[in-house]
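*Asks:* give me a 3D structure for the following:
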Amino acid sequence: MWYRLILITVVALSAAFAADEAWSKVKALESGAEVRITKTGSRTPILAKFDEATEESIVIATKTEQVSIPKEQIEKIEARPKQTGSRVVRENTVHNNPVDKDAARPTAGATRTPGPAGSASSGLTFGNKPDFQVVWTRTARRN
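*Replies:* Take a look at the predicted model:
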(Lines give C-alpha, C1' and ligand atoms only; values in the text may rest on other atoms or scores of the structure.)
Protein backbone atom coordinates (compact mmCIF):
# COMPACT_ATOMS: atom_id res chain seq x y z
CA MET A 1 0.00 0.00 0.00
CA TRP A 2 2.67 2.50 0.95
CA TYR A 3 4.43 1.98 -2.40
CA ARG A 4 1.32 3.29 -4.21
CA LEU A 5 1.47 6.46 -2.13
CA ILE A 6 5.14 6.91 -3.01
CA LEU A 7 4.44 6.24 -6.70
CA ILE A 8 1.60 8.78 -6.77
CA THR A 9 3.80 11.36 -5.02
CA VAL A 10 6.66 10.82 -7.47
CA VAL A 11 4.33 11.14 -10.47
CA ALA A 12 2.76 14.32 -9.08
CA LEU A 13 6.17 15.88 -8.37
CA SER A 14 7.40 14.92 -11.85
CA ALA A 15 4.38 16.57 -13.47
CA ALA A 16 4.86 19.73 -11.39
CA PHE A 17 8.57 19.84 -12.25
CA ALA A 18 7.84 19.34 -15.97
CA ALA A 19 5.32 22.20 -15.92
CA ASP A 20 7.87 24.49 -14.22
CA GLU A 21 10.56 23.43 -16.69
CA ALA A 22 8.27 24.21 -19.65
CA TRP A 23 7.44 27.66 -18.22
CA SER A 24 11.18 28.35 -17.91
CA LYS A 25 11.27 28.25 -21.74
CA VAL A 26 8.76 31.12 -21.74
CA LYS A 27 10.88 33.05 -19.24
CA ALA A 28 13.94 32.48 -21.45
CA LEU A 29 12.38 34.21 -24.48
CA GLU A 30 14.18 37.38 -25.55
CA SER A 31 12.45 40.70 -25.03
CA GLY A 32 10.94 41.79 -28.33
CA ALA A 33 10.35 38.26 -29.63
CA GLU A 34 7.16 37.91 -31.67
CA VAL A 35 4.65 35.73 -29.76
CA ARG A 36 1.17 34.35 -30.39
CA ILE A 37 -0.85 33.66 -27.25
CA THR A 38 -4.07 31.65 -27.11
CA LYS A 39 -6.15 32.49 -24.06
CA THR A 40 -8.60 30.10 -22.42
CA GLY A 41 -12.02 30.36 -24.09
CA SER A 42 -10.78 32.59 -26.91
CA ARG A 43 -10.76 31.59 -30.56
CA THR A 44 -8.52 34.39 -31.75
CA PRO A 45 -4.88 34.36 -30.61
CA ILE A 46 -3.13 37.54 -29.52
CA LEU A 47 -0.16 38.63 -31.66
CA ALA A 48 2.31 40.71 -29.69
CA LYS A 49 5.93 41.33 -28.71
CA PHE A 50 7.23 39.51 -25.64
CA ASP A 51 8.41 41.73 -22.79
CA GLU A 52 8.93 39.50 -19.74
CA ALA A 53 7.53 36.54 -17.83
CA THR A 54 7.22 35.85 -14.12
CA GLU A 55 6.07 32.67 -12.37
CA GLU A 56 2.50 34.00 -12.40
CA SER A 57 2.11 35.88 -15.69
CA ILE A 58 3.50 37.01 -19.02
CA VAL A 59 3.87 40.67 -20.03
CA ILE A 60 3.43 41.50 -23.71
CA ALA A 61 3.25 44.63 -25.83
CA THR A 62 0.49 44.82 -28.41
CA LYS A 63 0.24 47.58 -31.02
CA THR A 64 -1.66 49.82 -28.61
CA GLU A 65 -0.80 48.79 -25.05
CA GLN A 66 1.30 46.73 -22.67
CA VAL A 67 -0.65 43.85 -21.11
CA SER A 68 -0.01 41.32 -18.35
CA ILE A 69 -1.80 37.98 -18.80
CA PRO A 70 -2.05 35.59 -15.83
CA LYS A 71 -0.59 32.15 -16.50
CA GLU A 72 -3.85 30.41 -15.59
CA GLN A 73 -5.66 32.26 -18.43
CA ILE A 74 -3.26 30.99 -21.10
CA GLU A 75 -3.78 27.81 -23.14
CA LYS A 76 -0.77 28.07 -25.48
CA ILE A 77 2.23 30.31 -26.17
CA GLU A 78 4.01 30.22 -29.52
CA ALA A 79 7.06 32.22 -30.56
CA ARG A 80 8.50 33.00 -33.96
CA PRO A 81 12.19 32.04 -34.22
CA LYS A 82 14.62 34.85 -34.84
CA GLN A 83 15.40 35.51 -38.49
CA THR A 84 18.96 34.36 -39.24
CA GLY A 85 19.43 36.36 -42.43
CA SER A 86 17.70 38.95 -44.50
CA ARG A 87 14.29 38.09 -45.94
CA VAL A 88 15.06 40.36 -48.89
CA VAL A 89 16.76 38.71 -51.86
CA ARG A 90 18.15 40.90 -54.64
CA GLU A 91 17.90 39.48 -58.15
CA ASN A 92 19.87 40.76 -61.13
CA THR A 93 19.44 39.29 -64.63
CA VAL A 94 21.45 40.15 -67.72
CA HIS A 95 20.51 38.85 -71.17
CA ASN A 96 23.01 39.14 -73.99
CA ASN A 97 21.12 39.28 -77.26
CA PRO A 98 23.27 38.69 -80.32
CA VAL A 99 23.27 41.57 -82.77
CA ASP A 100 22.15 40.79 -86.31
CA LYS A 101 25.17 41.85 -88.38
CA ASP A 102 23.07 42.63 -91.43
CA ALA A 103 20.76 44.84 -89.39
CA ALA A 104 23.77 46.60 -87.92
CA ARG A 105 25.07 47.69 -91.31
CA PRO A 106 23.59 50.99 -92.35
CA THR A 107 22.00 51.02 -95.77
CA ALA A 108 22.67 53.77 -98.25
CA GLY A 109 21.36 57.04 -96.89
CA ALA A 110 20.44 55.59 -93.50
CA THR A 111 21.82 57.15 -90.35
CA ARG A 112 20.37 54.61 -87.98
CA THR A 113 22.63 52.91 -85.44
CA PRO A 114 21.81 49.52 -83.97
CA GLY A 115 20.12 49.30 -80.56
CA PRO A 116 21.53 47.73 -77.45
CA ALA A 117 22.96 44.24 -77.71
CA GLY A 118 21.38 43.06 -74.44
CA SER A 119 19.05 43.82 -71.61
CA ALA A 120 19.24 43.84 -67.84
CA SER A 121 16.69 43.69 -65.07
CA SER A 122 16.83 43.73 -61.31
CA GLY A 123 14.34 43.21 -58.55
CA LEU A 124 13.77 42.37 -54.92
CA THR A 125 12.02 39.30 -53.55
CA PHE A 126 10.67 39.21 -50.00
CA GLY A 127 10.77 35.81 -48.34
CA ASN A 128 8.37 34.50 -45.71
CA LYS A 129 8.87 34.79 -41.97
CA PRO A 130 9.61 31.57 -40.10
CA ASP A 131 6.55 29.77 -38.69
CA PHE A 132 5.60 30.03 -35.02
CA GLN A 133 6.85 27.25 -32.75
CA VAL A 134 5.07 26.11 -29.60
CA VAL A 135 6.94 27.22 -26.48
CA TRP A 136 4.40 26.28 -23.80
CA THR A 137 0.98 24.62 -23.56
CA ARG A 138 -1.27 24.00 -20.62
CA THR A 139 -1.01 20.32 -19.79
CA ALA A 140 -3.62 19.95 -17.07
CA ARG A 141 -6.54 22.06 -15.93
CA ARG A 142 -6.46 23.43 -12.43
CA ASN A 143 -9.76 24.03 -10.65
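*Asks:* all helices for the protein, in order.
*Replies:* Assigned by DSSP state H, the helices in the chain fall at 2-27, 101-104.
*Asks:* lowest average pLDDT across those helices?
*Replies:* With a mean of 56, helix 101-104 has the lowest mean pLDDT of the helices of the chain.
*Asks:* was I right about S31 contacting E52?
*Replies:* Yes. The pair formed by S31 and E52 meets the contact definition of CB atoms under 8 Å, at 6.6 Å. Quick note: C-beta positions are derived from backbone N, CA and C, even for glycine.
*Asks:* these two: which is more packed in?
*Replies:* E52 (13 against 10; other CB atoms under 10 Å).
*Asks:* how near is that one to Q66?
*Replies:* Per CB to CB, to the nearest Å, E52 is found 10 Å from Q66.
*Asks:* which neighbours do these two have in common?
*Replies:* By CB atoms under 8 Å, 6 or more residues apart in numbering, E52 and Q66 have these common neighbours: V59.
*Asks:* give the contact list for the residue lying closest to V94 once chain neighbours are set aside.
*Replies:* Ranked by CB to CB, 6 or more residues apart in numbering and with sequence neighbours excluded, the top spatial neighbour of V94 is A120, at 4.8 Å. With contacts taken as CB under 8 Å, 6+ apart, A120 has the following neighbours: 92-95.
*Asks:* and what of R80?
*Replies:* 33-36, 129-133 are the contacts of R80 under CB under 8 Å, 6+ apart.
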